[in-house]
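Enquirer: just to be clear, the model below is a prediction. Sequence and coordinates:
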Amino acid sequence: MSGAGLAVRDLTVRRGGSTIVRDVSLQARPAAVTVLLGANGAGKTTLLEAISGVIPAAGGEVLLDDAPLGPLGRRERARRGLAHVEQGRTAFATLTVEENLRAAAADRDAVEAGFALFPELRPRRDTPAGLLSGGEQQMLVLARALAMRPKALLVDELSLGLAPAVVQRLMTVLGELARQGVALLVVEQYAGLILEVGAHAYVMARGRIVYDGPCEPLRESTDILRGAYLAADVAGGAR
């Protein structure tokens, strides 16, 4: 997989008459995990929804492999190669595991690739998704997104409500997807874990990017990460 990945330029998003995201620019490169951190209410989920076309942006642009997505809606953006795993488990509860994968799969091989990614799901392939555990449902949602063979993947709070062991398993898979060439932009509450697999990080506060740099300084200094969450002047990285 090749290409320029996902680029966001000066994106502004409004909701209910309020500006939630202000002039945000970022890039998620192919074959890498890009991390998006920030406190609750910073605008992270709104930003991902505007990127994928769930909600409209008030200004700025989104590009995938240098091609502007412009006014395209969510379905057309998905066809162009942009997948979005939203916050909360969004599997089709009445469909079986295999039917969930088939609903999104580009081809039969993509269904089997989903099972290869999460062998834990193979024994459950004929089980309705609503009967899966929380961890299994999240594996299914991620496998379903990958069955679309995306160029870029947005992931919003994959670990929400899951046991630490399951979270670690999911983080390992995100790293594997990056090695396969996918451009990942990941919002995650477990900052320490996602920074271990991430290459580049952005931190949002009050709708703006307040840190733009490598993950390493954030991993090594809790002061820098804490300052970023408080919207301190951390743009220069570690001191």
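Expert: Looks like it arrived, so ask away. Residues are numbered from 1 along each chain as shown.

Enquirer: please count neighbours and contacts with C-alpha atoms only from this point.
Expert: Fine.

Enquirer: can you give me the strands in this protein?
Expert: 6-15, 18-28, 32-38, 59-64, 67-68, 82-85, 152-156, 183-187, 200-205, 208-214 (DSSP state E).

Enquirer: save those as a markdown table, and put in mean neighbour count and distance to A110 too.
Expert: What follows is the strands of the chain, written out as a markdown table (neighbours: other CA atoms under 10 Å; distance: least, CA to CA, whole Å):
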| stretch | mean neighbour count | distance to A110 |
| --- | --- | --- |
| strand 6-15 | 19 | 22 |
| strand 18-28 | 19 | 23 |
| strand 32-38 | 27 | 21 |
| strand 59-64 | 19 | 21 |
| strand 67-68 | 14 | 25 |
| strand 82-85 | 25 | 14 |
| strand 152-156 | 25 | 16 |
| strand 183-187 | 27 | 18 |
| strand 200-205 | 24 | 28 |
| strand 208-214 | 21 | 32 |
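
Enquirer: with respect to I224, which of those lies nearest?
Expert: When those are compared by CA to CA, strand 208-214 sits nearest I224, at 9.3 Å.

Enquirer: that closest one - contacts with which helices or strands?
Expert: Under the contact criterion of 3 or more CA pairs under 8 Å, 6 or more residues apart in numbering; DSSP states H and E, strand 208-214 touches strand 18-28, strand 200-205.

Enquirer: just put those in CSV and tack on distance to A106 and mean pLDDT.
Expert: Formatted as CSV, those follow (distance: least, CA to CA, whole Å; pLDDT from 0 to 100):
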stretch, distance to A106, mean pLDDT
strand 18-28, 23, 98
strand 200-205, 29, 95
